[in-house]
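J.: Got a sequence here, can you model it:
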Amino acid sequence: MVKEDRRTFNFLGLTHICGTNPETGYFVIHRKTMGRRIAAKLKEIKATLRQRLHGSLADTIKWLQSMVRGYFQYHAIPGNEVRLQAFRNDVLRTMDAPASAAQPAEAVGLGNAFRSDSVS
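T.: So this is what the prediction gives:
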């Protein structure tokens, strides 16, 4: 069995992976969000949430929704769904930590703040 030579390069915030389509055997380029870019955006969101900790929760949720929506609009390409779902889950986890210390999640309404259909 021949080991597949996977060549990758980073461009415009995406890792492009050269490969072949398993069904047709044709050359394809798979694209995924760069790990460094995900980590940097999560770090930025976490720092901003720390600054907004004592502000209005409604304003914070509105700001966070716009951040996630913009991130999704740029990175939503075929084949990148797993990375987008992981980013969304990490944002929810980051947002839930400060909010759960102040109030229960049901009272805050975080369950509905980032539903999959509202982030698109």
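J.: Just give me the residue closest to the centre of this protein.
T.: By C-alpha atoms, centre = their mean, the mean C-alpha position of the chain lies nearest to Phe87, the distance being 2.6 Å.
J.: give the contact list for that residue.
T.: Phe87 makes contacts with Thr33, Ile38, Lys41, Leu42, Val68, Tyr71, His75, as judged by C-beta atoms under 8 Å, 6 or more residues apart in numbering. Every residue, glycine included, has its C-beta placed from N, CA and C.
J.: Now tabulate those in JSON lines and tack on secondary structure.
T.: Output for these, formatted as JSON lines (DSSP: H, G, I helix; E, B strand; the rest coil):
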{"residue": "Thr33", "secondary structure": "strand"}
{"residue": "Ile38", "secondary structure": "helix"}
{"residue": "Lys41", "secondary structure": "helix"}
{"residue": "Leu42", "secondary structure": "helix"}
{"residue": "Val68", "secondary structure": "helix"}
{"residue": "Tyr71", "secondary structure": "helix"}
{"residue": "His75", "secondary structure": "helix"}
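J.: ok, of the residues you listed, which one's closest to Leu49?
T.: Leu42 (10.4 Å; C-beta to C-beta).
J.: Which pLDDT does the model give that closest one?
T.: Here the pLDDT value assigned to Leu42 is 93.
J.: what's the answer for Thr8, then?
T.: 90.
J.: And it, how far from Glu44?
T.: Applying C-beta to C-beta, to the nearest Å, the value for Thr8 to Glu44 is 25 Å.
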